[in-house]
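Participant: Model the following, please.
(chains A and B)
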Amino acid sequence: MSNVLHSPGVLEATNLHVRAGDHPAVRGVGVTFHAGQFTAIIGPNGAGKSTLLRALLGLTPIHIGSVHVDGVPLDRLGRASRSRDLAFLAQSEDLPGRASVRDVVALGRGTGMWRWGLIPTQPWTPADEDAVDTALERTDTRQFEHRRVDELSGGERQRVALARALVAGPRFLLLDEPTNHLDLAYALEVIRHLRCEVAGGLGVVAVLHDLNLAARADRIVLLHHGQVLAAGTPDDVLTPEHLHAAYGVSTRVLRDADRLLVIPED
Amino acid sequence: MAMSTPSPAPSSPAQTARPVRGWATRLPRALGLAALVAVAVILGTGLGSVTVPPGDVLAALWRGVSGQELAGSDVIVWQIRLPRVVMGLLVGAALSMSGGAFQGVFRNPLADPYLLGVASGSALGATVAIVLNWPRTLIPLAALVCALGAVALTLILAREGRRFPPTRLILSGVVIGSVLSAVSTALILRGQDRARLVLSYTLGDLGFSGWHDVATVLPYVAVGGGTLLLLSRALDTLQLGDLTARSLGVPVERLRLLVVVAASVATAGAVAYVGIIGFVGLIVPHIARLAFGAGHRTLLLTSAVLGGAGLVLADLLARTTVLSQVGIVTTLLGGPFFLWLLRRQRE
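Facilitator: Below you'll find the model as predicted:
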């Protein structure tokens, strides 16, 4: 792989092999994600989407291959920079119900800088408070910052989780099915918030199930049996041939205005 | 970042890595808790077969602290009642903090300090010592060794490479607990004439506590509780789930192991000297959470205070009524109270 100079904000997997238990879940994936882009990872169940996401975050051991952030191998990045640069939003994130929205978002400042990641060594500064304010404002959650998390609706809660993920000022945000359990309106709202962040320079990598939501991404990576079946713009990837190869389902792909529409045929 | 919002500058000085809170809400709560402890101490030292009025209790405390000669009822206060009260504070604090930490680290509101076999280990140690007629001073030591041994055994059983998965920890704790209880029961049946003593130990009793016992328990509670307090903010982050916590930089496996060991050390030290006192470690953290919020630093601190004061009052009830042992009081009152709490929470 060529190490391009002046490539700020590149998250790159090279010949990545990852096991989930004894099963090889990711088998030789090479992909590059750029800051300022929205990349959707799609593929059928068991294609290795979540495993790939975890490997990119350093949350699961890599069997063969490597992950680089701006040319620095993930394991040499150190806990502090890794937890700051790469943010993760889990599938239906657990939020402590009795805590206030503001306190939950503050947890996102992370423990990477602490001693052993366990014991706080830095004081909580006004700069941290400002970061929390900014994250709350950017996700439209500031108006209920003092409410308890378990009083919120599913969509509001997901926005709080998003604020929690953004508050450390990451360069890449990796999301595992962020629109799961959300109705159409909330799902679109989350995508809209993500789009805003991408416009501000954040690199977003989201595992998505809904192909019509994925069609709104800048780039799509289609996984099948742990390998990249296709990668590129939605036009490149969302073709009836690719979708049939991955999902075994016949589809029609229509273009409505500037957006692709995937319609399954039975 | 593009946005620069003028945020209100926090009024209080920056503190160690946690959101800044006003003293306006904290001070009254702190005063209330201090008052509760003061009442528990004064009642606990004053009431009994000989009643010492609150004024005399305070005077006796002052004479003792300032090094004056003790007179009259001062001896009762200093040599009999006060060690027992201080032991109650320590044990209540240890059990409640450990319970709160266990509930946090397993993210399970039903976790209690005896989850990993501390209680049955402790009971086995005491049973062996009592049945074999060892000197009384060896009973706590045997209990302590067996309690820590039981936790170690649970950890070994639950280990999966370098990980300690929560479900395996809980199940291993249940298994170790049952097996050790069976061994204790077998021993009791062999040495029947000592059965009453063993039973008395397993029900929990603060009655034997002297200053020496207090001094022996203190390090366990201080080290265990102190460690838990240091880890409280990491415990907060863990509530977001294992994966998210790891993505934020928390070494989750190390945290879980440290919390489990620290809580077990505090519990084992406390239980070894006073026997197995039930329900305190389960209920007090729930009360603290309802009253003071969910952050672990606050939760652990307020649990320690509430648990300490609560156990002193429960012991007072035990020695002035027919209930006779503090463990009976906590279980008898704790059970129904816990059910009430559960029903209330659902509404």
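
Participant: how about low-confidence regions in chain B?
Facilitator: Scanning chain B for pLDDT under 70 picks out B:1-23, B:345-347.

Participant: for the closest residue in space to A:Asp75 that isn't next to it in sequence, what are its contacts?
Facilitator: Using CB to CB, 6 or more residues apart in numbering or on different chains and skipping the chain neighbours, the partner closest in space to A:Asp75 is A:Gly58 (7.1 Å). (C-beta placed from N, C-alpha, C; glycine too.) Applying CB atoms under 8 Å, 6 or more residues apart in numbering or on different chains to A:Gly58 gives the contacts A:Val67, A:Leu74, A:Asp75, A:Leu77, A:Arg82, A:Leu86.

Participant: In those residues, find the pair that's most separated.
Facilitator: A:Asp75 and A:Leu86 (12.9 Å; CB to CB).

Participant: out of those two, which sits in the more crowded spot?
Facilitator: Each of A:Asp75 and A:Leu86 has its neighbours counted (other CB atoms under 10 Å in any protein chain shown); A:Leu86 has more, 25 against 12.

Participant: Could you verify my assumption that that one touches A:Leu175?
Facilitator: No. When contacts are counted by CB atoms under 8 Å, A:Leu86 is not listed as touching A:Leu175 (11.7 Å).

Participant: before we move on, back to that, of the contacts of A:Gly58, which belong to strands?
Facilitator: A:Val67, A:Leu86 (DSSP state E).

Participant: still on that earlier bit, got the phi and psi for the residue nearest to A:Asp75?
Facilitator: phi 80, psi 20 (degrees, to the nearest 10).

Participant: swap in A:Leu175?
Facilitator: According to degrees, to the nearest 10, A:Leu175 has phi -120, psi 140.

Participant: Show me what whatever helix or strand A:Ser50 lives in is packed up against.
Facilitator: Take DSSP states H and E as the rule and A:Ser50 turns out to sit in helix A:49-57. Using 3 or more CB pairs under 8 Å, 6 or more residues apart in numbering or on different chains; DSSP states H and E, the elements in contact with helix A:49-57 are strand A:10-20, strand A:23-34, strand A:38-42, strand A:86-89, strand A:172-176, strand A:203-207.

Participant: run the last query once more with 6 Å
Facilitator: strand A:10-20, strand A:23-34, strand A:172-176 (3 or more CB pairs under 6 Å, 6 or more residues apart in numbering or on different chains; DSSP states H and E).

Participant: Quickly note the distance from the spatially most central residue of chain A to A:Ala40.
Facilitator: In chain A, the residue lying closest to the centroid (CA atoms, centre = their mean) is A:Leu174, at 1.9 Å. Applying CB to CB, to the nearest Å, the value for A:Leu174 to A:Ala40 is 12 Å.

Participant: could you say which helix or strand contains B:Pro28?
Facilitator: Using DSSP H and E, B:Pro28 sits in helix B:23-46.

Participant: One more: B:Pro336?
Facilitator: Assigned by DSSP H and E, B:Pro336 falls within helix B:326-346.

Participant: Pull the number of nearby residues for the closest residue to A:His224 other than its chain neighbours.
Facilitator: Distances taken as CB to CB, 6+ apart put A:Ala246 closest to A:His224, at 4.4 Å, once the chain neighbours are dropped. The local packing of A:Ala246 (other CB under 10 Å) involves 19 other residues.

Participant: Might you report the residue contacts of A:Ala246?
Facilitator: A:Ala246 makes contact with A:Gly43, A:Pro44, A:Leu222, A:His224, A:Leu229, according to CB atoms under 6 Å, 6 or more residues apart in numbering or on different chains.

Participant: Can you list the buried residues in the helix holding B:Pro336?
Facilitator: B:Val326, B:Gly327, B:Ile328, B:Val329, B:Thr330, B:Thr331, B:Leu332, B:Leu333, B:Gly334, B:Phe338 (16 or more other CB atoms under 10 Å in any protein chain shown).
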